[in-house]
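>>> Sequence first, predicted model second:
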Amino acid sequence: MVNSYHPSRPRCPGIDVAMLCDDLILQIQQVKDGHAQHLRQPQHLDSLAAIIQSQNQYQRQLALKLLLLLVTSWTTCPEPNVLASALATLAASPHPAPCYEVCHSIIKHIRSTSARNDWRAEPVLRVFQTCHVKHAWNGFVLPLLFLKWILQLIKLEQDGMGYACDGVVSMVLPDIPKIVDFGVSAHPLVRRKCWELVRRLADAHPDCRPRAVESVSTYFASIDIPVFESWWSQLSDEGYTEVTFPASNTPLDRESMRHSIYTIAALLLHYLKARDDTDVLRRSLQLVDTKYAALLVTRDLALDLMHLNIDHDGRLMEFMNLAQSIHFSLQSDHGMARIMSLPSISKALNQCTPHDIFLLYASTAASFSASIILDFILSDDTSFLEFFIKYLRYTIMHPKQFASVCQTREFEVSDVAVMLEEVHERLIKLCSRRAVPFDASLLIKRLGQVTKLI
């Protein structure tokens, strides 16, 4: 049995390993079948943690799988420090990748269950500090697993279930320039996670914004402009994914571009709305504004962002909401005064109004199909619904601008009107059958007003 295993116990190579693997396979099946009460002993986790450090790869994989199954199925805390002891054993190893994988999986499991005060969260947060100090940026596999773990912790905090991960953010904050530098030269998988981490830190934590914008703007300042413009001009080709800029040997791929552009846009929104000192933000945004002036004033920003995100619904909805929020912030005197220091960005935003965004979405992603619009409205992800309700209110307030943008972009107003009328009618029918999972009265009201105005 695994309970009796100890790494210092003499073993007969082959025979003992095979017997141990058979035991692990049997216990994995017992946990899956719900017959694991006899396995839920505190010392069992420590034994598995020891096995995970063995030389036999198959044995390690089985022990890791069993440990994860036991921990995620253990709904109540068996004994204080039980999990902490096993994680400490894994973290002390010179090869802590299994520790990262276990911690990442535990936090992901907690998020999937929407559980509050889960006993497993504290030991994972406690061991994070040890791993951050000892191992964080050594090699390829470690950063990828480590980045996934950090991202899950930050998402756990953002889920609003009462978990405070400020300690994680304070530890990672000084690493932001290192994360960007590391991502530039790393494998594409690591690079994308680096950019996603910087983006989430900048978006959610005010203390991280100055470092994030400095690092991102410095990165973009190092890029070879002609090659970047050539790459950017081919965004409509979904198969065109990565380029290396010769002057700086700086690589960039489509997913990393999404995260980095979103980071800059989120920081721009903060700059337009903030009342406090934003000198670092202003200087960094001005660097981007100046270097990419030619690109910003000649390209159709809304169309380019649509092409950049058209293959990923979640990213597309994030950009649509963010771009709309930026436009709303420009309606205030404070926002208008601040954008004056960014002339190229200001000009680009003139063609990135909520009307531009919605019409390009309706034509490009939805093909003016009421069914597709309804699918997005009724989706479990409420990002489009949030955008759409605000957009309808904006259209009610600015109906003439709607007609003007349709004319400029050569869309038939009648195509949009027919689509919205069908959405309106079908939504009313769905509500009458109680097939809409939210109160759609405001949405129906605004749709009715818009269809009469346009």
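Good, I have the coordinates. Nothing here was measured: the structure is a model prediction, and the numbers come from that model.
>>> any weak-confidence spans in the protein?
Scanning the chain for pLDDT under 70 picks out 1-17, 40, 42, 78, 80, 134-142, 185-186, 238, 277.
>>> domain ranges for it?
The record's domain parsing of the chain by automatic domain parsing lists 208-351, 353-454.
>>> I'd like the ones you listed laid out as TSV, including distance to Leu69.
Any C-beta I mention is one placed from the backbone N, CA and C, and that applies to glycine too. Listed next are the domains of the chain as TSV, based on distance: least, C-beta to C-beta, whole Å:
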stretch	distance to Leu69
domain 208-351	29
domain 353-454	27
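>>> Tell me which of these lies nearest to Asp159.
Between Asp159 and these, the tightest spacing by C-beta to C-beta is seen for domain 353-454, at 14.2 Å.
>>> from the middle of its chain, how far away would that closest one be?
26 Å (C-alpha atoms, centre = their mean, to the nearest Å).
>>> I figured Val216 hits Thr263, correct?
Yes - at 5.4 Å, Val216 counts as touching Thr263 under the criterion of C-beta atoms under 8 Å.
>>> what is in contact with these two at once?
Residues touching both Val216 and Thr263 (C-beta atoms under 8 Å, 6 or more residues apart in numbering): Val198.
>>> Quick check: which element contains the residue nearest the centre of the chain?
By C-alpha atoms, centre = their mean, the chain has its centre lying nearest to Glu196, at 5.8 Å. Secondary structure from DSSP states H and E places Glu196 in helix 188-204.
>>> could you say what helices and strands that helix packs with?
Contacts defined by 3 or more C-beta pairs under 8 Å, 6 or more residues apart in numbering; DSSP states H and E place helix 188-204 against helix 141-158, helix 166-172, helix 176-185, helix 209-221, strand 250-253, helix 254-273.
>>> could these go into JSON lines alongside distance to Ser379?
Formatted as JSON lines, the helices and strands packed on helix 188-204 follow (distance: least, C-beta to C-beta, whole Å):
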{"stretch": "helix 141-158", "distance to Ser379": "19"}
{"stretch": "helix 166-172", "distance to Ser379": "30"}
{"stretch": "helix 176-185", "distance to Ser379": "31"}
{"stretch": "helix 209-221", "distance to Ser379": "30"}
{"stretch": "strand 250-253", "distance to Ser379": "27"}
{"stretch": "helix 254-273", "distance to Ser379": "20"}
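>>> could I get the ones you listed as TSV with mean neighbour count?
Formatted as TSV, these follow (neighbours: other C-beta atoms under 10 Å):
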stretch	mean neighbour count
helix 141-158	21
helix 166-172	16
helix 176-185	19
helix 209-221	21
strand 250-253	19
helix 254-273	21
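>>> so which of those gets nearest Val288?
Val288 lies closest to helix 209-221 among the helices and strands packed on helix 188-204, at 5.5 Å (C-beta to C-beta).
>>> Touching the closest one from outside, list them.
173, 176-177, 179-180, 184, 198-199, 201-202, 250, 260, 263-264, 267, 270, 280-281, 284-285, 287-288, 291-292.
>>> now stretch 315-322
In contact with stretch 315-322 (C-beta under 8 Å, 6+ apart) are residues 258, 262, 265-266, 269, 305-306, 308-310, 357-358, 361, 365, 376, 381, 383-384, 386-387.
>>> circling back: the domains of the chain: which one's closest to Ala97?
Nearest to Ala97, of all the domains of the chain, is domain 208-351, at 23.0 Å by C-beta to C-beta.
>>> Any idea how far that closest one is from the middle of the chain?
For domain 208-351, the distance to the chain centre is 17 Å (C-alpha atoms, centre = their mean).
>>> First residue to last residue on it, what's the distance there?
End-to-end distance of domain 208-351 (C-alpha to C-alpha, to the nearest Å): 30 Å.
>>> quick one: the helices in the stretch 251-400 of the chain?
When secondary structure is read from DSSP state H, counting those that start in this stretch, the stretch 251-400 of the chain shows helices at 254-273, 279-291, 293-298, 301-309, 313-329, 333-339, 343-349, 354-364, 370-377, 383-397, 399-408.
>>> a markdown table please, covering the ones you listed and showing distance to Leu62.
Below are the helices of the stretch 251-400 of the chain laid out as a markdown table (distance: least, C-beta to C-beta, whole Å):
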| stretch | distance to Leu62 |
| --- | --- |
| helix 254-273 | 33 |
| helix 279-291 | 49 |
| helix 293-298 | 53 |
| helix 301-309 | 41 |
| helix 313-329 | 35 |
| helix 333-339 | 58 |
| helix 343-349 | 54 |
| helix 354-364 | 48 |
| helix 370-377 | 42 |
| helix 383-397 | 40 |
| helix 399-408 | 60 |
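>>> Those: which one's closest to Leu442?
Distance to Leu442, taken as C-beta to C-beta, is lowest for helix 383-397 among the helices of the stretch 251-400 of the chain, at 6.6 Å.
>>> So which elements touch the closest one?
helix 313-329, helix 354-364, helix 370-377, helix 441-453.
>>> that older thread, counting neighbours, which bits of the helix holding Glu196 end up buried?
188, 190-203 (16 or more other C-beta atoms under 10 Å).
>>> out of those, which one sits closest to Gly167?
Set against Gly167, the nearest of these by C-beta to C-beta is Leu201 (13.9 Å).
>>> Now do the same contact list for the closest one.
Listed by C-beta under 8 Å, 6+ apart, the contact partners of Leu201 are Ile154, Val169, Val172, Leu173, Ile176, Cys208, Ala212.
>>> and with 10 Å instead?
Contact analysis of Leu201 by C-beta atoms under 10 Å, 6 or more residues apart in numbering lists 150-151, 154, 169, 172-173, 175-176, 179, 207-209, 211-212, 263.
>>> Report the separation between it and Tyr262.
For Leu201, the distance to Tyr262 (C-beta to C-beta, to the nearest Å) stands at 12 Å.
>>> I appreciate the help and will end here.
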